[in-house]
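Undergrad: for reference, the sequence and a predicted model appear below.
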Amino acid sequence: MNAALEKIQAMGCQEVFLWTDSRDKWYSRQGWNEIHRLPFELVEAVVMKKTVEKNIDSLK
């Protein structure tokens with residue numbers, strides 16, 4: 001995940017979004033914030049957001 005966040009930071013992005021249907025608690029522990037829940041086919045999707053920090057070392 002850190003490698004992807006480093007690339008996102010290098011592109012100048014400050015926020016990144018994802019959706020998960022089962023790992024929302026894990027992502028929350030990694031600093032992601034839940035912004036929405038919605039039904040998606042047979043599961044509930046959780047949309048999450050993370051602000052990319054200026055110092056990527058703080059993500060470890």
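TA: Sure, I can see it.
Undergrad: from here on, just use CA atoms for contacts and neighbour counts.
TA: Fine.
Undergrad: so which bits of the helix or strand of the chain with the lowest mean pLDDT are buried?
TA: Taking mean pLDDT, DSSP states H and E as the measure, the chain has helix 2-10 as its least confident helix or strand, at a mean of 88. Buried residues in helix 2-10, counting neighbours by 16 or more other C-alpha atoms under 10 Å, are found at 5-6, 9.
Undergrad: now do stretch 7-26
TA: Quick answer for stretch 7-26 (16+ other C-alpha under 10 Å): 9, 19, 24.
Undergrad: contacts for that stretch, please.
TA: With contact meaning C-alpha atoms under 8 Å, 6 or more residues apart in numbering, stretch 7-26 is reached by 34, 43-54.
Undergrad: between which two of these is the distance greatest?
TA: Greatest spatial distance among those (C-alpha to C-alpha): V43 and K54, at 34.5 Å.
Undergrad: re the thing from before, I'd like the next helix or strand past the least confident helix or strand of the chain.
TA: strand 15-20 (DSSP states H and E).
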